[in-house]
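K.L.:
give the three-dimensional model of this entry:
(one chain, ligands or ions: 2)
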Amino acid sequence: AVHRIAVIPGDGIGREVVPEGLRSVRRAAEIFGIELESEQFDFASVDYWQQHGTMLPDDWFEVLRGFDAIFFGAVGWPAVVPDHVSLWGSLIQFRRRFDQYVNLRPVRLLPGVPAPLADRAPGDIDFVVVRENTEGEYSSIGGRIFDGTDRETVVQETVMTRTGVDRIVDFAFQLAQRRGGHLTSATKSNGISITMPYWDERVAALAENYPDITVDKFHIDILAAHFVLHPDWFDVVVASNLFGDILSDLGPACTGTIGVAPSGNINPTGEFPSLFEPVHGSAPDIAGRGIANPIGQIWAGSLMLDHLGHPEAAAAIVAAVERVLDRGDLRTPDLGGTASCEELGTAIAEAIAK
Ligand code: NAI
Ligand code: MG
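P.N.:
Numbering: from 1, shown residues only. Ligands and ions are numbered 1, 2, ... in the order given. Reported below is the predicted structural model:
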């Protein structure tokens, strides 16, 4: 079957790295005989907002839901539109309306990329953060009380539902089964005394269905410390929305640069399209100079092909990334080199092989 991909470059370096991501995805598709069709959209960008006063057209849901996947760059340009407007008006709508309840973020030390905090070899850091992506701490329930008075009080509730917690934890158990058989849960039940004990309870309840998986849990504060000091302890890490957000930037940071990190926003039921993007944002500080690292976007393309049922093509892209980095002569400035986004992207696409 032909896979239909919606391509949304967004803002800033999103527009520079998306073409490089597509270059590798198309090359892998060609080599592995995968049929792809893509259509590009200019919404979910600050340019679109300046022309239309909204981030998305009214019919975005109907337009995008017919695609098999969304290949997304980055959105946001804080000098023009506040981030809560651009992000809530686009990406967060996609995640919620398409019920992309899993945010999957592989963390892996790539060859030839020095780990910033300790001398480590690639095998030492290889884990996946599974972040709950639709509820938890990121709720719209709350408000300002006694607004504007000296008793001004602000409340924002955390929402956890049985369905919401169970489905993310179950996804993480299944992933642990396919990987190293080890699941770590991020908690804070000593301080957050209602929702986090519930989270722990559901992890323990679901663990009974997976007797072969080793389960452990850490409070988020010490877990963050362990990410830095003992990244080799982890295989699959499951976390609520906020904790997962923090861990999934910290993890890639421990592997040298967030420029290489990918992310999948996944609707595991397949009812709606899943969205694949780099972890990083639009990087206004380097946008327009052609020096962004394209690897996060290229690796996101690999996650997309894996999700569409092509694990060999996905693995071939990651292998090409590793081969080019290992060669050592082609690096973007964030990796200490002088290569351009396009040079690195082209070299990786050319290195893809069966
Ligand atoms: P950012 O990820 O855009 O940049 C953080 C730092 O990392 C910058 O110094 C940047 O130059 C560097 N960097 C990021 N990606 C890189 C790459 N591929 N190669 C080399 N260096 C790279 O985060 P920031 O500055 O906090 O946000 C900028 C804008 O992006 C904001 O509007 C923010 O809301 C948005 N954003 C959007 C995301 C998305 O679309 N999923 C995710 C994160 C931020
Ligand atoms: Mg984040």
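
K.L.:
tell me the mean pLDDT for stretch 24-35?
P.N.:
Across stretch 24-35, pLDDT averages out at 98.

K.L.:
over to stretch 38-58?
P.N.:
Per-residue pLDDT values across stretch 38-58 average out to 97.

K.L.:
so how far is that stretch off the chain centroid?
P.N.:
Stretch 38-58 sits 22 Å away from the centroid of its parent chain (CA atoms, centre = their mean, to the nearest Å).

K.L.:
so which residues make contact with it?
P.N.:
In this structure, residues lying in contact with stretch 38-58 by CB atoms under 8 Å, 6 or more residues apart in numbering are 4-11, 14, 22, 60, 63, 67, 71-72, 75-77, 80-81, 85-86, 89-91, 93-94. C-beta coordinates here come from the backbone N, C-alpha and C atoms, glycine included.

K.L.:
switch the cut-off to 7 Å
P.N.:
Contacts with stretch 38-58, where a contact means CB atoms under 7 Å, 6 or more residues apart in numbering, come from 5-8, 10-11, 60, 75, 77, 80-81, 86, 89-91, 93.

K.L.:
which of the residues you listed sits closest to E37?
P.N.:
Proximity of those to E37, judged by CB to CB, is greatest for I5, which lies at 7.0 Å.

K.L.:
the residue of the stretch 151-300 of the chain found nearest ligand 1: which element?
P.N.:
Nearest to ligand 1, among the residues of the stretch 151-300 of the chain, is G281, at 2.3 Å (CB to the nearest ligand atom). Secondary structure from DSSP states H and E places G281 outside every helix and strand.

K.L.:
just give me the neighbour total for the residue nearest to it when sequence neighbours are not counted.
P.N.:
Once flanking residues are discounted, G281 sits nearest to A74: 4.8 Å by CB to CB, 6 or more residues apart in numbering. As a burial measure, the neighbour count of A74 was computed by other CB atoms under 10 Å and equals 30.

K.L.:
pretty sure A74 is touching H280, no?
P.N.:
Yes - under the criterion of CB atoms under 7 Å, A74 makes contact with H280 at 6.5 Å.

K.L.:
give me the most central residue, this structure.
P.N.:
Nearest to the centroid of the C-alpha atoms of the chain, with distances taken as CA atoms, centre = their mean, sits S263, at 2.1 Å.

K.L.:
what helix or strand does that residue sit in?
P.N.:
Following DSSP H and E, the helix or strand that holds S263 is strand 262-266.

K.L.:
so which elements touch that strand?
P.N.:
strand 102-108, strand 274-278, helix 295-307 (3 or more CB pairs under 7 Å, 6 or more residues apart in numbering; DSSP states H and E).

K.L.:
so after the longest one, what's the next helix or strand?
P.N.:
I take that to be helix 295-307. The helix or strand immediately downstream of helix 295-307 is helix 311-327, counting by DSSP H and E.

K.L.:
tell me what angle that next one forms with helix 295-307.
P.N.:
Between helix 311-327 and helix 295-307, the angle comes out at 160 degrees (axes from the mean of the first three to the mean of the last three CA atoms, to 10 degrees).

K.L.:
ok so, going back, check whether the strand holding S263 comes near ligand 1.
P.N.:
No - on the criterion CB under 6 Å from any ligand atom, strand 262-266 is out of touch with ligand 1, staying 7.6 Å away.
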